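[1] Starting from these lines, generate the structure:
(2 chains)
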2 protein chains.
Amino acid sequence: MNVGFIGLGIMGRPMSKNLLKAGHEVVVFGRKQHIVDELIAVGARSAASPREVAEQVEVVITMLPNSPEVKEVVLGENGIIAGAKAGSVVIDMSSISPLVSREISEELLQRGVEMLDAPVSGGESKAIDGTLSVMVGGKNEVFEKYYDLLKAMAASVVRTGEIGAGNVTKLANQVIIALYIAGMSEAMVLATKVGVDPELVYKAIKGGLAGSPALDAKVPQMLDRKFNPGFRIKLMSKDLSNALDTAHGIGASLPLTASVMEMMQALKVGGLGDLDHAALVRYYEMLAQVEVKRSLHPDPTK
Amino acid sequence: MNVGFIGLGIMGRPMSKNLLKAGHEVVVFGRKQHIVDELIAVGARSAASPREVAEQVEVVITMLPNSPEVKEVVLGENGIIAGAKAGSVVIDMSSISPLVSREISEELLQRGVEMLDAPVSGGESKAIDGTLSVMVGGKNEVFEKYYDLLKAMAASVVRTGEIGAGNVTKLANQVIIALYIAGMSEAMVLATKVGVDPELVYKAIKGGLAGSPALDAKVPQMLDRKFNPGFRIKLMSKDLSNALDTAHGIGASLPLTASVMEMMQALKVGGLGDLDHAALVRYYEMLAQVEVKRSLHPDPTK
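    Residues are numbered from 1 along each chain as shown, chains lettered A, B, ... in the order given. As a prediction, the model looks like this:
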């Protein structure tokens, strides 16, 4: 298939490589020439603008930081819309506001261009392995036509509804994870501050209703003080902000998501935005003047 | 072993029966004569007050609603402290404030009486089956001496530290679960209000980092509108209130726990306190004027 790929960052670079490996012809556009060159070396062609990408392919994938970048690349001057033929398709795999997905899709439809929103979960390592989870919104016939294309980058590709539904699903996922991590943070800081070994608390509760793979991933990160990402505070902050914009746009209110977003924001402006989102615990630690860590009691049987 | 058991409610009644089954001699005290009679019929003796229970046994177990009741039964007039011999032990299995556990323990120690705080997780069915999880605080030698006694009521008995540590562990567990359920509620209401089928969102995310046995238990309860307990809103509200009192007493702040506690409180005063804690979603639904449920889209492939 003739595929365009715009946005060659941490995620887009390995994703476009997986499309090449699967035998697709890929036309790339990105800001960093050395990454474009790297992709040309493994079989891609390059184009000088999103418009020129769109002129050469039947489907253009975008993988960009946030809503404004997607709007600019799709609808802006020399954007995809200026080059896309009627009947072609845009698949936006960025994590953006679902309301913006809907807006962009409406503009594209007026030119006869279809759109899927298809954000992913899973970080750089899953992008490299081609084992991302893709959550898709858009027309079912378009979804079915491009299912195999998406599957070349992913372990799972699930459609949850019409355009925007992919991003709604992603935001719902992020809201749950963020509040779960907030719960872990409040619980571990409470135990530590009151003088109970947080590691023993973790061991005592992990088999019960509080337990999960996320608990087993995130609490040990807190105990070991290992906050290398994983998924960065600044990206979670962006996703939660999109969740809030979406909620407010349709008449819902997410008060706890708003609180966690502000905490993430505080960590980001404090210089911790590149740490893993498990570092939310740092927000609480600073206020409680305590540090969650292993072996407060050197002998845990005492 | 000669054991006293005080508090014969939904939990205490089956727990004391399991002690009898394990061959212990049990002296009970409870407010409801018909339950006392039921236990006498299966081999218990009864006493006229907590003091009289304590006079007859080496260890007294209490299973009561909250901190004030435990204080009254242990330290009040005709309380355990008035009858307990030096060298005997109180095991409080109620879920109460860990700071109150410490206070009570100090009073008891002045009379030479040891104490464990040993709250449980798992509801009535696990109390009946003898498969509760017990989280224990107190001296290790006391814990070891009464481990088998506790095991007669439980699948797991774990010590996490000195007196109060059992309740700290329980509260940490409740904080995590409460915020996780709050995340599920905000996510599902967001999806529903924006017009995306919450069931498809659930299916798309359950295999990822947001997933767990708790997600698989609580989100289907929301989708099916089945809020029979399980674990009641009013009990979670009490536990979160104890978590906050504990945090404030030792100089920590749990802002999101406080918010969820207030939401649970609002549901409780609104007459929903006896629903399962998954009914937290009702708080959000009322404000967003929407109802999370299955099959907003009759054909989920459309």
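[2] Can you name the residue of the stretch 201-302 of chain A nearest chain B?
    A:Ser212 (3.1 Å; CB to the nearest CB). (Glycine included, C-beta is placed from N, CA and C.)
[3] Distance-wise, check that residue relative to B:Ile176.
    Shown here: A:Ser212 relative to B:Ile176, a distance of 10 Å by CB to CB, to the nearest Å.
[4] ok so, going back, quick check: nearest residue in space to the residue of the stretch 201-302 of chain A closest to chain B, chain neighbours excluded?
    B:Ser212 (3.1 Å; CB to CB, 6 or more residues apart in numbering or on different chains).
[5] just to revisit the earlier point, quick one: contacts for the residue of the stretch 201-302 of chain A closest to chain B?
    Neighbouring residues of A:Ser212 by CB atoms under 8 Å, 6 or more residues apart in numbering or on different chains: A:180, B:211-215.
[6] among these, which two are most distant?
    Pairwise distances across the contacts of A:Ser212 (CB to CB) peak at 13.1 Å, for the pair A:Tyr180 and B:Pro213.
[7] buried ones in stretch A:25-32?
    A:26-30 (16 or more other CB atoms under 10 Å in any protein chain shown).
[8] So which of those residues is the closest to chain B?
    A:Val26 (26.8 Å).
[9] How about the closest one: what's its closest non-neighbour residue?
    Nearest non-adjacent residue to A:Val26 (CB to CB, 6+ apart): A:Ala44, at 4.7 Å.
[10] isn't that neighbour right up against A:Phe29?
    No - A:Ala44 is not in contact with A:Phe29 according to CB atoms under 8 Å; the separation is 10.1 Å.
[11] Residues that sit against both of the two, list them.
    Counting by CB under 8 Å, 6+ apart, the residues touching both A:Ala44 and A:Phe29 are A:5, A:36.
[12] quick one on the thing from earlier: what's the overlap in contacts for A:Ser212 and B:Ile176?
    Joint contacts of A:Ser212 and B:Ile176 (CB under 8 Å, 6+ apart) are A:Tyr180.
[13] higher neighbour count, A:Tyr180 and B:Pro213?
    A:Tyr180 (28 against 13; other CB atoms under 10 Å in any protein chain shown).
[14] Wasn't the more buried one part of a strand?
    No - judged by DSSP: H, G, I helix; E, B strand; the rest coil, A:Tyr180 forms no part of a strand; its state is helix.
[15] what's the distance between the nearest residue to it once chain neighbours are set aside and A:Met184?
    Excluding the flanking residues, the one nearest A:Tyr180 by CB to CB, 6+ apart is B:Tyr180, at 4.7 Å. According to CB to CB, B:Tyr180 stands 9 Å off from A:Met184.
[16] A:Gln221 now?
    In terms of CB to CB, A:Gln221 sits 10 Å off from A:Met184.
[17] Need the residues touching each of these two.
    Contacts common to A:Gln221 and A:Met184, judged by CB under 8 Å, 6+ apart, are A:Ala278.
[18] Between the two, which is the more surrounded one?
    In this comparison of A:Gln221 against A:Met184, neighbours counted by other CB under 10 Å, the higher total goes to A:Met184 at 28 against 20.
[19] That one against A:Leu223, yeah?
    No - with contact defined as CB under 8 Å, A:Met184 does not count as touching A:Leu223 (10.7 Å).
[20] related to what we said a few turns ago, which residues are in contact with the residue nearest to A:Val26?
    Neighbours of A:Ala44 in contact, by CB under 8 Å, 6+ apart: A:5, A:16, A:20, A:26-28, A:36.
[21] And it, its phi and psi?
    phi -80, psi 160 (degrees, to the nearest 10).
[22] and if you look at the one 3 residues further on?
    With angles defined as degrees, to the nearest 10, A:Ala47 sits at phi -130, psi 160.
[23] Leaving out sequence neighbours, find the closest residue to it.
    A:Val53 (4.4 Å).
[24] what separates the one you found from A:Val74, distance-wise?
    11 Å.
[25] Name the residues contacting each of the two.
    With CB under 8 Å, 6+ apart, A:Val53 and A:Val74 have common neighbours A:Ile80.
[26] From the chain's centroid, how far away is stretch A:231-247?
    9 Å (CA atoms, centre = their mean, to the nearest Å).
[27] What's the mean pLDDT across stretch A:25-39?
    Stretch A:25-39 carries an average pLDDT of 97.
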